[in-house]
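> only geometry, no sequence info:
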């Protein structure tokens with residue numbers, strides 16, 4: 001039996017255990033971030049304010065975000081009905097009632 005083969009196996013066993021632990025922690029972190037992304041914006045923001053910045057460099061943030069927020073609509077599907085308050089506070093506007101009168105263009109974006 002070659003000298004030192006027992007210590008080599010020990011090192012490989014330790015390395016395998018460490019690699020397995022790192023993979024487990026990474027998987028749990030990805031699952032945690034994905035779960036947070038599926039929450040309402042206020043909850044997601046509160047959770048993300050506690051996540052260290054370096055986590056965004058090692059976690060697949062963009063693919064997780066695109067999956068968590070993709071929804072179930074496909075191109076050509078009708079928009080789900082919703083209602084929003086008017087800017088002047090005089091009531092609300094409902095999409096279905098607006099569609100009865102004229103076409104509606106929905107624009108989503110950030111103006112900050």
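Looks like it arrived, so ask away. Since we're looking at a predicted model, the values are computed, not measured. Numbers count the residues shown, from 1 in each chain.
> State whether residue 93 is indeed within a helix.
No - read with DSSP: H, G, I helix; E, B strand; the rest coil, residue 93 is strand and lies in no helix.
> Confirm for me that it is in contact with residue 86.
Yes - with contact defined as CB atoms under 8 Å, residue 93 counts as touching residue 86 (6.0 Å). (Glycine included, C-beta is placed from N, CA and C.)
> who touches both of the two?
By CB atoms under 8 Å, 6 or more residues apart in numbering, residue 93 and residue 86 have no common neighbours.
> Those two: which has the busier surroundings?
residue 93 (13 against 9; other CB atoms under 10 Å).
> Tell me if residue 84 really is in a strand.
Yes - when classified by three-state DSSP, residue 84 is found to be part of a strand.
> and it, how many neighbours does it have?
9.
> Leaving out sequence neighbours, find the closest residue to it.
In this structure, residue 84 finds its nearest non-sequential neighbour in residue 93, 5.7 Å apart by CB to CB, 6 or more residues apart in numbering.
> in the longest helix seen in the chain, what counts as buried?
Counting by DSSP state H, the longest helix found in the chain is helix 5-37. By 16 or more other CB atoms under 10 Å, the buried positions in helix 5-37 come out as 30, 33-34, 36-37.
> Determine the set of other helices and strands touching that helix.
helix 41-48, helix 55-58, helix 61-68 (3 or more CB pairs under 8 Å, 6 or more residues apart in numbering; DSSP states H and E).
> quick one, it and helix 61-68 angle?
On the basis of axes from the mean of the first three to the mean of the last three CA atoms, to 10 degrees, helix 5-37 is oriented at 50 degrees to helix 61-68.
> got the angle for helix 5-37 vs helix 41-48?
With the same axes, to 10 degrees applied, the angle from helix 5-37 to helix 41-48 works out at 150 degrees.
> Could you pull up the mean pLDDT of helix 5-37?
The average of the pLDDT scores along helix 5-37 is 92.
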